[in-house]
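*Asks:* Fold the following for me, if possible:
(one chain, ligands or ions: 1)
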Amino acid sequence: MATSEEKQELQTPAIVCIGMAGSGKTTFMQRLNSHLHSQDMPPYIINLDPAVLNVPFGTNIDIRDSVNYKEVMKQYNLGPNGAIITSLNLFATKVDQVLGIVEKRAGAVSHVLVDTPGQIECFVWSASGAILLDALASAMPTVIAYIVDTPRTTSPATFMSNMLYACSILYKTKLPMIIVFNKTDAADATFATEWMTDFESFQAALRDMDEDENTEGGSGYMTSLMNSMSLVLEEFYRHLDVVSVSAYTGAGMDDFLAAVDKKVTEFNTDYKAEVERIKEQREKEMEQKKQKDLNRLLKDMGIKDDKSKKTEEPAMTISDAEEEDEDEDEFADKFVNPEDAEGILDVDEYPEEEDSDDE
Ligand SMILES: Nc1nc2c(ncn2[C@@H]2O[C@H](COP(=O)(O)OP(=O)(O)OP(=O)(O)O)[C@@H](O)[C@H]2O)c(=O)[nH]1
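*Replies:* Residues are numbered from 1 along each chain as shown. Model (predicted):
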């Protein structure tokens, strides 16, 4: 892994694509990938969706090479969402390894692109999602691209729900966010940018919705609730950059990259200190918890074996406990896809890393 000095120098942005199922994350990544390649700026690509069948572009690290989603479902008797969370948990046990590879590569690429599962909550609200995002953010400027399906967001009620979701992700991840209105070839996103910048225009849309009883949410209560919510969201909108793109036609890709550059500056000035503080606090808490658990274990084992020997000869030593941790790692290793000899490491790329970058 890179030293802390190298870490400070690493300015390659990581773009984490998050969005509701079908919003176009994968297609957007595909378009961004080809756009960057066309400008001689190849990115580094990570797929964190264990359940996706086909990824229409080459990936450098793919969770599916390390964790067999269907096997996880079978062995743990889990449904689709539980299996996604468990697969991410297993993958997160290797976060140091993954980060080591990304850090080595990141200096030679323009961007690190990360695709996530469409089941947003499985990633954003899971412990493993937080671990993976924290790890990325501690290594390089990390930006969330929240992809919105524009044609499906034209009603004020759906628009507000989507923005509230984005708002909760911003506060959960504490990372700079760009709202990407995708599919603008099918529906122009001007209405959305207007609603976000001009409170009056959103109020007018709400009034129209209220008058038309056939539209969703056309009740007085809903309109009044949304009126109040939109006031709350005004503050949220101030922290965002908004771009309109079409993953199909490629429109808006340069605007998106300009917004990323802006967010990288913001990350370095406003977010980095907070990310470091959270990381330190989490490490401290984990260390305290580990120590507490170990003390409790030693105490329990001592009482069980021989009370008089308790202080002189504990039944379990720290190294025993560490061995137990290693056993847990071996357990996680079993989920590494046997077809991939290198486990979590990209087979094509890992061997050449060793010579060139190790110093
Ligand atoms: N018209 C139009 N359709 C798009 C665009 N981007 C994606 N789509 C379509 O939207 C659908 C979903 O796209 P995906 O890229 O699979 O969406 P996703 O968010 O990755 O989906 P999940 O991984 O299931 O969450 C597909 O049918 C795409 O062809 C776009 O810019 N314009």
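
*Asks:* Distance of residue 82 relative to residue 76?
*Replies:* Relative to residue 76, residue 82 is positioned 7 Å away (CB to CB, to the nearest Å). Backbone N, C-alpha and C define where each C-beta goes, glycine included.

*Asks:* Also residue 62?
*Replies:* Using CB to CB, residue 62 is found at 21 Å from residue 76.

*Asks:* Give me the more crowded residue out of the two.
*Replies:* Neighbours per residue (other CB atoms under 10 Å) separate residue 62 from residue 76, with residue 62 holding more: 21 against 11.

*Asks:* Can you list phi and psi of that one for me?
*Replies:* phi -130, psi 120 (degrees, to the nearest 10).

*Asks:* Quick check: it touching residue 47?
*Replies:* Yes - using CB atoms under 8 Å, residue 62 makes contact with residue 47 at a distance of 4.5 Å.

*Asks:* In this structure, which residue sits closest to the ligand?
*Replies:* At 2.1 Å from the ligand, residue 118 is the closest residue in the chain, using CB to the nearest ligand atom.

*Asks:* Not counting sequence-adjacent ones, nearest residue to that residue?
*Replies:* Excluding the flanking residues, the one nearest residue 118 by CB to CB, 6 or more residues apart in numbering is residue 21, at 3.3 Å.

*Asks:* Using the three-state scheme, assign that neighbour.
*Replies:* When classified by DSSP: H, G, I helix; E, B strand; the rest coil, residue 21 comes out as coil.

*Asks:* can you check residue 82 too?
*Replies:* Three-state call for residue 82 (three-state DSSP): helix.

*Asks:* For it, grab the count of nearby residues.
*Replies:* Taking other CB under 10 Å as the neighbour definition, residue 82 ends up with a count of 14.

*Asks:* Can you read off the pLDDT for it?
*Replies:* At residue 82, the model reports a pLDDT of 91.

*Asks:* Repeat that for the one 4 residues further on.
*Replies:* The confidence metric pLDDT takes the value 92 at residue 86.

*Asks:* swap in residue 297?
*Replies:* For residue 297, the pLDDT comes out at 83.

*Asks:* Residue 46 too?
*Replies:* pLDDT recorded at residue 46 is 94.

*Asks:* any idea whether it is helix, strand or coil?
*Replies:* Under three-state DSSP, the three-state class of residue 46 is strand.

*Asks:* quick one: it and residue 114 touch, right?
*Replies:* Yes - Residue 46 is within contact range of residue 114, at 4.7 Å (criterion: CB under 8 Å).

*Asks:* So which of those two has more stuff around it?
*Replies:* Between residue 46 and residue 114, residue 114 has the larger neighbour count (other CB under 10 Å), namely 27 against 22.

*Asks:* Run through the helices of the stretch 151-300 of the chain in chain order.
*Replies:* Under the criterion DSSP state H, counting those that start in this stretch, the stretch 151-300 of the chain contains helices at 156-173, 190-197, 199-211, 220-238, 253-266, 272-305.

*Asks:* Chain neighbours aside, what residue packs nearest to residue 73?
*Replies:* Using CB to CB, 6+ apart and skipping the chain neighbours, the partner closest in space to residue 73 is residue 83 (4.1 Å).

*Asks:* re earlier: mutual contacts of residue 62 and residue 47, please.
*Replies:* Residues touching both residue 62 and residue 47 (CB atoms under 8 Å, 6 or more residues apart in numbering) are residue 55.

*Asks:* Near the ligand, which residues of the stretch 201-350 of the chain are found?
*Replies:* Contact residues, the stretch 201-350 of the chain versus the ligand (CB under 6 Å from any ligand atom): 246-248.

*Asks:* Export those as JSON lines, with columns for neighbour count and pLDDT.
*Replies:* Shown next, in JSON lines, are those (neighbours: other CB atoms under 10 Å; pLDDT from 0 to 100):
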{"residue": "246", "neighbour count": "21", "pLDDT": "96"}
{"residue": "247", "neighbour count": "24", "pLDDT": "95"}
{"residue": "248", "neighbour count": "15", "pLDDT": "94"}
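
*Asks:* out of these, which one sits closest to residue 122?
*Replies:* residue 247 (22.4 Å; CB to CB).

*Asks:* Could you list which residues are in contact with the closest one?
*Replies:* Applying CB under 8 Å, 6+ apart, we find residue 247 in contact with 24, 27-28, 30-31, 182-183.

*Asks:* now do residue 27
*Replies:* Going by CB under 8 Å, 6+ apart, residue 27 touches 56, 182, 247-248.

*Asks:* Just flag the most distant two among those residues.
*Replies:* The widest separation within those (CB to CB) is 15.5 Å, between 56 and 182.

*Asks:* picking that back up, got JSON lines for the contacts of residue 27, with distance to residue 154 too?
*Replies:* Output for the contacts of residue 27, formatted as JSON lines (distance: CB to CB, whole Å):
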{"residue": "56", "distance to residue 154": "27"}
{"residue": "182", "distance to residue 154": "14"}
{"residue": "247", "distance to residue 154": "18"}
{"residue": "248", "distance to residue 154": "18"}
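
*Asks:* In strands, which of the residues you listed appear?
*Replies:* Judged by DSSP state E, strands contain the following of the contacts of residue 27: residue 182.

*Asks:* any idea which of the contacts of residue 27 is closest to residue 284?
*Replies:* Nearest to residue 284 among those is residue 182, at 40.0 Å by CB to CB.
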